[in-house]
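Novice: Sequence first, predicted coordinates after that:
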Amino acid sequence: MSATPDSNLGDCSRSTADLRRELAECKAERDAALAREAATAELLQVINASPGDLAPVFDAMLEKATRLCEAPFGVLRSWDGECFHVRAAHGEPRFSDWVRQRSPSRPEGDDPLARIANGAGVVHFADPSDDPGYVTSSAFRDAVELSGMRSQITVSLRKDDGLLGAITVYRQEVRRFTDKQIALLQNIAAQAVIAMENARLMTETREALEQQTATTEVLQVINSSPGDLAPVFDAMLEKATSLCGAAFGLLFTWDGDCFHPVAWRGISRELLAVLREPSRPQPGTLTWRIARGENIVSSADLLEAVSTADLLEAEAYRNGIARVRALVDFGGARSHIGIALRKDDAVLGHLSIYRQEVRPFTDKEIALLQNFAAQAVIAMENARLLSELRQRTDQVAEMNRGLEARVAEQVEELGRVGRLKRFLAPQLAELIVSQGDEKILESHRREIVVVFCDLRGYTAFTETAEPEEVLDFQREYHGALGPLVTEFEGTLDHFAGDGIMVFFNDPVPCPDPAERAVKMAMAMREAAGKLIAVWRRHGCELGFGAGIAQGYATLGQIGFSDRSGYTAIGTVCNLAARLCAEAKDGQILVSSRIAEAVEAVARLEDLGNLEVRGLRRPVATFNVVQSTNAADARPNLTVVAREPRPN
């Protein structure tokens, strides 16, 4: 039986509908992929814009996670080894407030967080009533009842084998999350780990720098106050209490019978009235234990015995020892630590600081206090020696001032060299500093040779590659080309993305700027070619091009006090940039002045006069084909004519 026109029309209609449905699905999948890529890029921008500040990073992550996973609620928690702490919450304020009020929370039963703490990477369920945690964890049941939670996914935040936290999103309907949504959440979790690790490293670096700075400042006070211990002790207490988060502190000296307060910080008037008098050590107290030979005496709580080490101090308070009771009643002291000041086996005193909350001191804080104690001993020993050798005071003081001046000069010189090395070859930076003349960096006009280079196809590469791949390529690219700028003693103006600008003959003139520029560009072409060949095997179609021009420009420093650069401005820079833009893969386009200057070191291809955007007249342009070697006996310029030049 043959098909009727109506049946054929129906088949076409169904085929068209199927095609439209498939097209809509493809568009939806494409839009979702683009949204995921955009979210990843935006999160990286937030991470870069908020170094060390995790709050905006976590808020942005939860916003992206809940939106792209079609989940109205989300929580990001950190893990301290015992409890989960809410760091960010997204969704209905009533639930967010409730979640924050329950922070910190310990894993309970077989709830999702307990499974994460026990090693799970992903916990995913469609309905909480089917999850074992609903039966074993009352907190989880409360959360389900309060929030109306149904489908949920929790992804762990891990660094190597260490658990850092977890990110959770959930829906108020039974609808499992897709594999793509799970993968997206895992990617966001990985970015959260990177942000947390960066913040940790920045915090450690900042704390280390603060401690180093404090140590240096105390040493400077010691050097500037020979024989005068009051400012030294004041500086130590100020640094010790601020860096260790203590409310107040005291420093005592020991005469063999009593401890004498010689410096204090943050002490109330009532407490000072009790502590300022000399005191003999009482059994069980901090001073008694230090006088008996202990170097470090700490207590987590002066009121309650949190550990065995706290028993003596807690008993001293309960026994009514006046000084201990005053510390608690007038000073609000809870956690405290005392560090002995010793010279060999002799007790010289002790440094003690106090917190008004129960928070034991960390190993790093104890090490810092030991360093301050050692400096205090040094200062006290110095004062003793100075008192015995008073006739040499002026001489020693002069030597100290000379040493400080030399150190300051060296630090300044190192700083100047470091600043100059940002845009000059190391040997040129050291030459300028050694001559003591940085006026050559002031604004001036000079003839220079400018090199611009960048990559062909880089924009397309960045649009399709993952951000991590782009960063990896940039590191390799700059790592390969950057040292060549130093090798040929060029001045680095800037590099951004794939673009690099270098110029020669300034700030230090050289006899062969064009030759250096061309040799550097050829070396860059060779280095970039090897790198590009590797990346092409990964499907990345990239190429290298450069432009070189010679002419006059205005040069000088730009920027501000904390960050400055050295740049060139003029038509010659524009010409080099335009030639670079015209260059095809593997080409190094040079102006006629450059061609005339490098006839002994390069073979050139005459490209005729090019119409260059931004310039009124055509530009005679040559392509550097290859370099000559010693066997070529430095032949004259070789020109391969392509087109006759117009008259």
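Specialist: Received it, and whenever you're ready, just let me know what you need.

Novice: pretty sure Ile296 contacts Arg342?
Specialist: No - in this structure Ile296 lies outside contact range of Arg342 using C-beta atoms under 8 Å: 11.3 Å. Quick note: C-beta positions are derived from backbone N, CA and C, even for glycine.

Novice: So for the two, which sits in the more crowded spot?
Specialist: Arg342 (18 against 15; other C-beta atoms under 10 Å).

Novice: Val485 sits in which helix or strand?
Specialist: For Val485, the element it lies in under DSSP states H and E is helix 467-487.

Novice: Quick check: what element follows that helix along the chain?
Specialist: Counting by DSSP H and E, what follows helix 467-487 is strand 491-496.

Novice: May I see the buried residues of that next one?
Specialist: Thr491, Leu492, Asp493, Phe495 (16 or more other C-beta atoms under 10 Å).

Novice: how far is it from where the chain is centred?
Specialist: The chain centroid and the centroid of strand 491-496 are separated by 22 Å under C-alpha atoms, centre = their mean, to the nearest Å.

Novice: what's downstream of it, the next helix or strand?
Specialist: Proceeding N to C from strand 491-496, the next assigned helix or strand is strand 499-504, under DSSP H and E.

Novice: any idea of the angle that next one forms with strand 491-496?
Specialist: Strand 499-504 runs at 170 degrees relative to strand 491-496, counting by axes from the mean of the first three to the mean of the last three C-alpha atoms, to 10 degrees.

Novice: chain center to strand 499-504, what's the gap?
Specialist: Averaging C-alpha positions (C-alpha atoms, centre = their mean) puts strand 499-504 27 Å from its chain's average.

Novice: list the buried ones in it?
Specialist: In strand 499-504, residues buried by neighbour count (16+ other C-beta under 10 Å) are Ile500, Met501, Val502, Phe503, Phe504.

Novice: go on, stretch 333-347?
Specialist: Neighbour-count burial for stretch 333-347 [16+ other C-beta under 10 Å]: Ala333, Arg334, Ser335, His336, Ile337, Gly338, Ile339, Ala340, Leu341, Arg342, Val347.

Novice: need those in CSV with pLDDT, distance to Ile194 and secondary structure, can you?
Specialist: Formatted as CSV, the buried residues of stretch 333-347 follow (pLDDT from 0 to 100; distance: C-beta to C-beta, whole Å; DSSP: H, G, I helix; E, B strand; the rest coil):
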residue, pLDDT, distance to Ile194, secondary structure
Ala333, 87, 40, coil
Arg334, 85, 37, coil
Ser335, 87, 34, coil
His336, 87, 38, strand
Ile337, 90, 35, strand
Gly338, 90, 41, strand
Ile339, 92, 38, strand
Ala340, 93, 43, strand
Leu341, 92, 44, strand
Arg342, 91, 45, strand
Val347, 92, 49, strand
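
Novice: What is the nearest of the residues you listed to Asn187?
Specialist: Taking C-beta to C-beta as the measure, Asn187 lies nearest Ser335 of the buried residues of stretch 333-347, at 41.5 Å.

Novice: Would you mind measuring from that closest one to Leu272?
Specialist: Distance, Ser335 to Leu272, by C-beta to C-beta, to the nearest Å: 20 Å.

Novice: Many thanks, I have nothing further to ask.
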